Each structure stands twice: as C-alpha cells, then as structure tokens.
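[1] Give me the fold of what follows.
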Amino acid sequence: LKAVGMLGDAGKGKQVHNYASNLALDSNVRVGTALIDMYAKCGALSDAQSVFYSNFSNCGLNMPWNAMIGAYSLCNYSQEAVQLYSEMCWNNIKSDVYTYCSVLDAIASLKCSHFLKQVHGKVFKSRYDLMDLSVENAIADAYSKCTSLGDVRKVFDTMKDRDLVSWTTLVGAYSRCSDWEEALVIFSQMREEGFLPNHITFSTILDACVGLCSLELG
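    Residues are numbered from 1 along each chain as shown. Take a look at the predicted model:
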C-alpha cells in the first residue's frame, strides 16, 4: 500500500484493497491506516473517508485517526482536519508527533491563531513526550502563516536543535511581516551557522529583496 501511494495510482490501490478485504484484513488497524494513507496520496479522499468511517471512527488507537487527519490536510480539507482532531481529543485518544504535525499544517492553512495557541499549549504540556524538531518547526511555520512574528521568534529561540527548515521558517516569517532587513540578517546568520539554503530559502530571501527594492542584493 505504501508503494501504491508513492505511485499515486488509486486503481491499483483498489485492487490491493479488494484483496485485503477478501482476506478480512481491511479492518486490521495497520492495514486500515495504510489504506487511508494510500488513498490520500492518490487524491482519493472519499475512499479514505470510507475506510475510516466504516471501520475506525470508534477505534481507541491513534493510528487511523492520524492517517485521516493527515489525509484531510494533504488534500487541503483543513477545516475537516481540525474538526477531526477536536473529535479525537474529545474521545481522549492520545495525540503524538504525527498528529500534531498534520493538524498544525491544517491550522497554518486556515491561519487560525486562536486554535493554534490551544494546540501549542497541549504540545507544551506534553513536551517531554514530544521533544521533536518536526513539531517545533510545524508550530513555528503555523505562527509564521498567522503573521505572529513574536511567537515564531519565541519558538525558534527556545529550540535546542535547529535545522534548515527552522532557519528558513524564521527568514520567511520576517519577510512575510515585511521586516525584510531582518530577514536578510537572519539569512546571513543561517549561512554563518553552516546551513546551505535550498530552493525555498532562496525564494523567501528573494522576496525580501523585492520588498526592499534592492536589485544589488537580489
């Protein structure tokens, strides 16, 4: 199913699904989770929903819930992803790194700063279980897209470790908030720290050059 998802071929996915159903394995949590993820990557959201709501909407394990939240987020159904996350919390199903990365991506798309604060608070309370850079980067990115520059900076400054995504997110936050000079300063600091820019970093910093109307820097 992972291989089919990488191919993005929903037709092949349905063949594998039918075979799993014939063996009565489609209700297995691991298989069901893989089915939801596969259908999402194939852009077949309705099929992913069918798998989840047929077999796993009452499941107490977080794997199929995570897969369905991730499916909504991947297919740009951000409101549905946030609603399902709320339902997951209501049912006292434990969130993990995958849950938070998916729902934070949805929140970033919605630019819902109020709900972001709530989720950030949940992560903070369980931070000893979720000391994961990907979650911290997702929080910083969501704050950036909500144009909450001070919060992005706080998250960045409290990171024990940083990677290229962390730095690029901070550069993008300053550029998005029209503080282009500071974006250039951070870009220089990033390079001094030994991080090589990627295409996203370059796109972001060139936007800052446009904001400054600086052909020379560009």
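[2] where does Asn22 fall, phi/psi-wise?
    Per-residue torsions, Asn22: phi -60, psi -30 (degrees, to the nearest 10).
[3] That one: what's it in contact with?
    Contacts for Asn22 (CB atoms under 8 Å, 6 or more residues apart in numbering) come out as none. The way it works is simple: take the backbone N, C-alpha and C, and place the C-beta from them, glycine included.
[4] tell me what the helix or strand Tyr39 falls within is packed against?
    If you go by DSSP states H and E, Tyr39 is part of helix 29-41. If contacts are counted by 3 or more CB pairs under 8 Å, 6 or more residues apart in numbering; DSSP states H and E, helix 29-41 sits against helix 2-7, helix 10-22, helix 45-55, helix 62-74.
[5] Point out where this structure drops to low pLDDT.
    By pLDDT under 70, the low-scoring segments of the chain are 127-131.
[6] about what we covered before: buried deepest among the helices and strands packed on helix 29-41, which one?
    helix 62-74 (a mean of 24; mean count of other CB atoms under 10 Å).
[7] The next helix or strand after it - contacts with which helices or strands?
    Later in the chain than helix 62-74, the nearest helix or strand by DSSP H and E is helix 78-90. For helix 78-90, the packing partners by 3+ CB pairs under 8 Å, 6+ apart come out as helix 62-74, helix 97-110.
[8] buried set for helix 78-90?
    Applying a neighbour-count criterion of 16 or more other CB atoms under 10 Å, one finds Ser78, Glu80, Ala81, Val82, Leu84, Tyr85, Met88, Cys89 buried in helix 78-90.
[9] do stretch 166-178 as well
    Ser166, Trp167, Thr168, Thr169, Leu170, Val171, Gly172, Ala173, Tyr174, Ser175, Arg176, Cys177.
[10] try stretch 99-118
    99-110, 112, 115-116.
[11] Quick check: closest non-adjacent residue to Asp105.
    Of all residues beyond its chain neighbours, the one nearest Asp105 is Ser73 (4.9 Å), with distances taken as CB to CB, 6 or more residues apart in numbering.
[12] got it, and Ser126?
    Ser95 (7.9 Å).
[13] element containing His120, please.
    Here His120, judged by DSSP H and E, is contained in helix 113-125.
[14] For that helix, which helices and strands make contact with it?
    helix 97-110, helix 133-145.
[15] could you dump those to CSV with distance to Leu7?
    Compiled in CSV, these are given as follows (distance: least, CB to CB, whole Å):
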stretch, distance to Leu7
helix 97-110, 22
helix 133-145, 25
